[in-house]
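A.B. asks: what's the 3D shape of this:
(one chain, ligands or ions: 1)
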Amino acid sequence: MTETTGHDRVRAVQWQGDHLRLLDQRRLPQHETWIECRAAGEVASAIRDLAVRGAPAIGIAAAWGAVLAARAGAGAFNAELAMLRGARPTAVNLMWALDRMATAAHAGHDLALEAQAIQDEDLAANRRMGELGAALLGQGTGVLTHCNTGSLATAGFGTALGVIRAGVAAGRIAAVYAGETRPWLQGARLTMWELARDDIDAILIADSAAAHLMQSGAVQWVIVGADRIAANGDTANKIGTYALAIAARHHGVRFMVVAPASTVDMATADGEAIAIELRDADELLTWAGRRHVVAGARAWNPVFDVTPASLIDAIVTERGVIACPDPQRMQTLFGDRDA
Ligand code: MRU
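C.D. replies: Reported below is the predicted structural model:
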């Protein structure tokens, strides 16, 4: 075991040979319960309802959903793939994984081997990105992250959280701050839980404290994941990421996006073309299942936003680092993924 693998103990998506076992992320950190999916429809529901979430984990779960669909009989395979594809709109890893499974099915390949390859490749990509991203950090760096991009959101180790794990293991990181990530609290509930389990000290902040934190000089890098990176480097990620990037540029704090090649969508020219998921207003109007906003009030709940490439200092992928991303630099690394 290397020092960095010691900081990585969670596996949230587990294939059991005949069904998929998912750590139910809606119930963390109070309850560590698992759900068992035996049909593609159950996997689609788990993705839609955020039992499994995070772009790479969604793709991996969907790949196993395709295995379940194929085992249920060839007749409904394409319809079940379409149902899985429609579970969430923004994370392109979902579509990428299902396209890969459809191609494998068409070629007559073993679908379980393909799904396992998708899962294994993600873990390997995360470890590589961890090394590449941590190498960008100076000694004694303070970092701020957003949402949850760790083992819960991936096959393991994580993207942005993988860089933080690797940076901590290398002794480069002096302080880790995590934004709570309203309204679903991925940062407060999931990132803090994951880091505590792995003995990484972290400090929670309200999302609205981020600019003040940057002004204080306590952080030198904001490190986030991505749900879809367009061909010009514009990046969709959890709502609030764009505000962090604006504040970071204003304060001279550097901004790093960490995502595997499966999150890059060269068929989408720029951020304007990325579909942004709108979720139920109740996520804002209720708290712990109880309404806390005046009756009749309405709410607008986009759960992702787009950070323009011009605000990003580095995109870290397993293929390498793109500094100051632009269409040409994206093309150089990902040209083979054109539509
Ligand atoms: O709505 P979620 O929790 O699925 O959103 C997750 C994020 O926005 C993550 O930052 C992104 O998927 C990268 S996870 C490695």
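
A.B. asks: neighbours around residue 110, how many?
C.D. replies: 12 (other C-beta atoms under 10 Å). C-beta here means a position set from N, CA and C on the backbone, and glycine is covered the same way.

A.B. asks: kindly report the same for residue 199.
C.D. replies: The number of residues near residue 199, taken as other C-beta under 10 Å, comes to 10.

A.B. asks: which element is it on?
C.D. replies: Using DSSP states H and E, residue 199 maps to neither a helix nor a strand.

A.B. asks: try residue 124
C.D. replies: Using DSSP H and E, residue 124 maps to helix 111-134.

A.B. asks: show me what contacts the closest residue to residue 322 other than its chain neighbours?
C.D. replies: Spatial nearest neighbour of residue 322, excluding adjacent residues (C-beta to C-beta, 6 or more residues apart in numbering): residue 315 at 4.4 Å. Going by C-beta atoms under 8 Å, 6 or more residues apart in numbering, residue 315 touches 229, 233, 235, 256, 257, 258, 259, 321, 322, 325.

A.B. asks: and the furthest pair within these?
C.D. replies: 235 and 321 (14.4 Å; C-beta to C-beta).

A.B. asks: quick check: end-to-end length of stretch 193-212?
C.D. replies: Distance between the boundary residues of stretch 193-212 (C-alpha to C-alpha, to the nearest Å) amounts to 24 Å.

A.B. asks: would you say residue 219 is within a strand?
C.D. replies: No: using DSSP: H, G, I helix; E, B strand; the rest coil, the secondary structure at residue 219 is coil, not a strand.

A.B. asks: in terms of pLDDT, where does it sit?
C.D. replies: Listed pLDDT for residue 219 reads 98.

A.B. asks: enumerate the residues of the stretch 1-150 of the chain near the ligand.
C.D. replies: Counting by C-beta under 6 Å from any ligand atom, the residues of the stretch 1-150 of the chain close to the ligand are 53, 54, 55, 56, 91, 147, 149.

A.B. asks: and those, which two are the farthest apart?
C.D. replies: For these, the maximum inter-member distance is 12.9 Å, found between 56 and 147 (C-beta to C-beta).
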